[in-house]
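> fold the following and give me the result.
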Amino acid sequence: MREKAGETVRSPECFFTVFLLLIETIFHIRRFGGISVNLLNKAYFAVITALVFGYLVSLLPRKTGKAAACSLVILFSVYYLVQLIYSSVFANYFSLSATGGIANQALDYKSTIWAGIVKEIIPVLLILILMVISVLYIIRWSDFSRHRLTTYAVMVGVILTAGFYYFLLLRTQGDEKNSPAEVFKNYSSVELSVEKLGVTETMLRDGVYAVMHIGKSDGADTDTGFEHEAYVAVTEAATEQITEESSTEMSSESESGTIEADAYDTEETVEEVKMYTAQVLDVDLGRMSEITSNESVLQLNSYINSSLPTFTNDYTGMFEGYNLIFITAEGFDGYVIDKKRTPELYKMSHNGFVFRNFYTPLWYGSTLGGEYANLTGLMPKNGGYLSMQKVGAKGNSMPFTLGNELKNQGYNVFAYHNNGYTYYDRHISRPYFGYENFIGVGNGLSYETKPGGGMLWPQSDAFMEENTFHEYAGNEPFHVYYMTVSGHLEYDFGGNAMAARNRDKVQDLYYTDTTKAYIACQLEFELMMEELNKDLEEAGIADRTLIVICGDHVPYDNMEIPNELAGSYLDRNFECYRNTLIIYSASMEEPIKVDKVCSSLDILPTVLNLMGLPYDSRMIVGRDIMSDSPGLVIMHDGSFISDGFRYNASTGEVTTRGRGEVSDAELENLKSTVSNRFRMADAICELDYYKYVEQLMEEN
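Down below sits the predicted model:
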């Protein structure tokens, strides 16, 4: 039993307090640039955690307790190091629940991870030194004697009281969206959790989540606590009125073809307006309770059923019956497009639809998250599992993906990826997106080799097009999905085969070697598009083929690249994610310019509308860009851009975009909208919601 004050000072609870405070402070200062109120939150939680773990290990026999304490020190240190390096490389944070995908990333990004370690060498060394000193202290100097029973009883009360005051501390900072209190209450973003509450809190919360969800697949405990929005709870009569009175926002200027956001033509007749109909399926969602008693499904269904749909418009069916080639371009950033260096991409981006305010948010899981958003119109879960893998593992129904929609219209559907076909378990998930005929390296797609043998890395996009075009060109109507890889990091001329291949084309540019290497990689994608358009022309099918191109993410590992390409500093919250969406067909006679803010989530419903395909706009987070729905760009951390203002979820800052002040009601409504759409996207995946919708339709 402890009796002396010196022994108490050397107790595990005191030791853990110092250890967690130091390691949390090192991480916070490195990641968030100094002292802030959030550091107080993190320090307070670290102290509570230290007391809990300290008293738990003191209950063990002395040697066992020391071994347990050493293990905890190493565990915490490794976790902090992983978060530090992972965030340096991927610009978001690691989640324990996504170990399968993270393992893939670790294997694929070995050299980049080493570069991340070098970049973070000072905090890495500090954490390692702290870990070694802590282990030595535990072994040689700490006192792991048991406390008196009365001391344990008192400390239980102390810990509970400290926890109560911790909640009060959070509440004093407000309870609005993305405040520390709200983040603690509704854990939905690993980024916000680390920023507002700390790595220790995130580790424990994420660990509990991972354990609780082992083996679970029904999503019964999915968070479907949807919040009130001004436009939700629309009655049937109101919906009918909207259908009759709705007009299109698109006032097309005779010469430029510019589409103005929020512009309504009051000259249109009632008869013309009535031509526009709601983009909904013929399904009675009110009958959902007849086929399931799952309360989470019913809550999600109620939210969707009460949401406003978008409507058909002048562009509905513009490319009906066309072949469709959809490309998710690895690491593609629109700032790379140049009239001289990339003439094919320049032509396509300036002669098709021109989206002047398009963004590619950096979704959790980098490539797989961006690809999921492009294909589904849903944001991937922000922490935890990787949504694309979840769909494959559960065998979810995904009726609105282009692969499934066009397959149902009798199209021949193909999908290609010039990397390993099993990577990220794509061979498992692809069939549920409609791509049963998925070909990658290892199951039918040839790979290009080095002169002396061995596979090139990364592979050539142009080589993939050359070896696949003949498979679908004579099978109209066709839909082809390409996931490219030439633009993959890391960007240097030593280890990147595509950068080395095109080095001569960029060596005289006035950029850093990293940016030159990035451009060189994307020149291989430019070559792919040159060859693809040439092959379409020679086959006589260019004017009945629609091409859609979007990146999976910007070059997040080195944001100096887009800064250099743009010729100015791009803020890290919004403008660094500005990108180019290409929707182009050789049949278009003039460009159509669109000013509405939009993002990768909006690609699917926009293309579905352009091709005249049936879908329910209430069941997809993204919105048809050409509809009269207001523009909204949702970022991975809950920040957003509307047509009128921007909201930074981390700081709470609101920036107007050429308008007056934003009312509290308008801001809160949009914050609720964004929060609800995250919940909606997560719930659709976790609950396999579309399966229930399909069952309802079958019973119609």
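
> where does Gln507 sit: helix, strand or coil?
Following DSSP: H, G, I helix; E, B strand; the rest coil, Gln507 is assigned to coil.

> also Phe414?
Phe414, by the three-state scheme (three-state DSSP), is strand.

> which residues touch it?
With contacts taken as C-beta atoms under 8 Å, 6 or more residues apart in numbering, Phe414 has the following neighbours: Tyr435, Asn437, Ile439, Thr468, Glu471, Tyr472, Phe478, His479, Val480, Tyr481. (C-beta placed from N, C-alpha, C; glycine too.)

> state the pLDDT value of the second one.
So that's Asn437. In this model, Asn437 is scored at 92, pLDDT.

> and the gap between the residue nearest to it when sequence neighbours are not counted and Asp688?
On the basis of C-beta to C-beta, 6 or more residues apart in numbering, the spatially nearest residue to Asn437 that is not a chain neighbour turns out to be Phe414, at 5.3 Å. Spatial separation of Phe414 from Asp688 under the definition C-beta to C-beta, to the nearest Å is 26 Å.

> before we move on, back to that, partner residues bridging the residue nearest to Asn437?
Residues found in beta-bridge contact with Phe414 (criterion: DSSP bridges) are Val480.

> that one and Asn323: what is the separation?
In this structure, Phe414 and Asn323 are separated by 11 Å, where distance is defined by C-beta to C-beta.

> common neighbours of the two, please.
Applying C-beta under 8 Å, 6+ apart, one finds that Phe414 and Asn323 are jointly contacted by Phe478, His479, Val480.

> thought the last one was touching Ala415?
Yes. Using C-beta atoms under 8 Å as the test, Val480 is close enough to Ala415 to be in contact (7.3 Å).

> the more surrounded of those two?
Using other C-beta atoms under 10 Å, the more surrounded residue of Val480 and Ala415 is Val480, with 28 against 23.

> what's the local residue count around Met697?
The criterion is other C-beta under 10 Å. On that basis, Met697 has 13 neighbouring residues.

> tell me the confidence at the residue nearest to Asn437?
You'll see Phe414 listed with a pLDDT of 98.

> for the stretch 401-550 of the chain, which segments are assigned as strands?
Taking DSSP state E, counting those that start in this stretch as the test, the strands found in the stretch 401-550 of the chain are 412-420, 438-441, 478-483, 545-551.

> could I get those strands as a markdown table with distance to Glu661?
Putting the strands of the stretch 401-550 of the chain into a markdown table (distance: least, C-beta to C-beta, whole Å) gives the following:
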| stretch | distance to Glu661 |
| --- | --- |
| strand 412-420 | 48 |
| strand 438-441 | 51 |
| strand 478-483 | 44 |
| strand 545-551 | 34 |
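
> helix/strand/coil for the residue nearest the centre of the chain?
Closest to where the C-alpha atoms of the chain average out (C-alpha atoms, centre = their mean) is Trp363, at 1.7 Å. Three-state call for Trp363 (three-state DSSP): coil.

> can you tell me the closest non-neighbouring residue to it?
Per C-beta to C-beta, 6+ apart, closest to Trp363 is Gly369, 3.2 Å.

> on contacts alone, who are the packing partners of the helix or strand hosting that neighbour?
In the assignment (DSSP states H and E), Gly369 maps to helix 367-376. Taking 3 or more C-beta pairs under 8 Å, 6 or more residues apart in numbering; DSSP states H and E as the contact definition, the neighbouring helices and strands of helix 367-376 are strand 323-329, helix 387-394, helix 603-610.

> so which of the ones you listed is nearest Leu632?
Taking C-beta to C-beta, helix 603-610 is the member of the helices and strands packed on helix 367-376 nearest to Leu632, at 12.7 Å.

> sheet-wise, list the partners of the following helix or strand past that closest one with their directions.
Remark: after helix 603-610, the chain's next helix or strand is strand 632-634, criterion DSSP H and E. For strand 632-634, the pairing partners within the sheet under DSSP bridges are strand 640-642 (antiparallel).

> residues touching the strand it pairs with, excluding its own?
Defining contact as C-beta under 8 Å, 6+ apart, one finds that strand 640-642 is touched by 357, 359, 574, 597, 630-635, 646-647, 649, 657, 670, 674.

> same check, this time on stretch 333-341
The list of residues contacting stretch 333-341 from outside it, by C-beta under 8 Å, 6+ apart, reads 342, 345-346, 349, 358, 505-506, 518-519, 522-523, 526, 551, 554-555, 561-562, 565-566, 578-580.

> same question, stretch 683-692
Counting by C-beta under 8 Å, 6+ apart, 218-219, 222-224, 288, 291-292, 294, 296-297, 300-301, 378, 381, 387, 390-391, 394, 396-400, 619 sit against stretch 683-692.

> quick one: it to chain centroid distance?
Using C-alpha atoms, centre = their mean, to the nearest Å, the distance from the centre of stretch 683-692 to the centre of the chain it belongs to is 18 Å.

> please apply the same query to stretch 63-79.
On the basis of C-alpha atoms, centre = their mean, the separation between the geometric centre of stretch 63-79 and that of its chain is 34 Å.

> state whether Glu371 and Met483 are indeed in contact, as I suppose.
Yes. When contacts are counted by C-beta under 8 Å, Glu371 is listed as touching Met483 (6.4 Å).

> for Tyr518, which non-adjacent residue is closest in space?
Closest residue in space to Tyr518, ignoring its immediate chain neighbours: Tyr491 at 4.4 Å, by C-beta to C-beta, 6+ apart.

> quick one, what contacts that neighbour?
Under the criterion of C-beta under 8 Å, 6+ apart, the contact partners of Tyr491 comprise Ala499, Thr514, Thr515, Ala517, Tyr518, Cys521, Pro555, Asn558, Ile561.

> now it: how far from Pro591?
For Tyr491, the distance to Pro591 - C-beta to C-beta - is 31 Å.

> try His350
Distance, His350 to Pro591, by C-beta to C-beta: 6 Å.

> how about low-confidence regions in the protein?
Under the criterion pLDDT under 70, the flagged ranges of the chain are 1-10, 97-111, 188, 209-224, 228, 230-274.

> which other helices and strands contact the strand or helix carrying Arg30?
Assigned by DSSP H and E, Arg30 falls within helix 12-32. The criterion is 3+ C-beta pairs under 8 Å, 6+ apart, and the helices and strands that helix 12-32 contacts are helix 37-58, helix 62-90, helix 121-140, helix 190-196, helix 199-212.

> what strand or helix carries the residue lying closest to Leu489 once chain neighbours are set aside?
Counting by C-beta to C-beta, 6+ apart, Leu489 lies nearest to Asp557, which is 5.1 Å off, once chain neighbours are set aside. Secondary-structure element containing Asp557, defined by DSSP H and E: none, the residue being outside all helices and strands.

> tell me how many other residues surround Asp557.
When neighbours are counted by other C-beta under 10 Å, Asp557 registers 22.

> doesn't Val89 make contact with it?
Yes. Counting by C-beta under 8 Å, Asp557 sits close enough to Val89 to count as a contact (5.8 Å).

> so what sits against both of the two?
Common neighbours of Asp557 and Val89, using C-beta under 8 Å, 6+ apart, are Thr112.

> ok, back up a step: mean neighbour count for the helices and strands packed on helix 367-376 - can I get that in TSV?
Formatted as TSV, the helices and strands packed on helix 367-376 follow (neighbours: other C-beta atoms under 10 Å):
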stretch	mean neighbour count
strand 323-329	24
helix 387-394	23
helix 603-610	25
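
> could you dump those to CSV with distance to Ser95?
Below are the helices and strands packed on helix 367-376 laid out as CSV (distance: least, C-beta to C-beta, whole Å):
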stretch, distance to Ser95
strand 323-329, 23
helix 387-394, 12
helix 603-610, 25
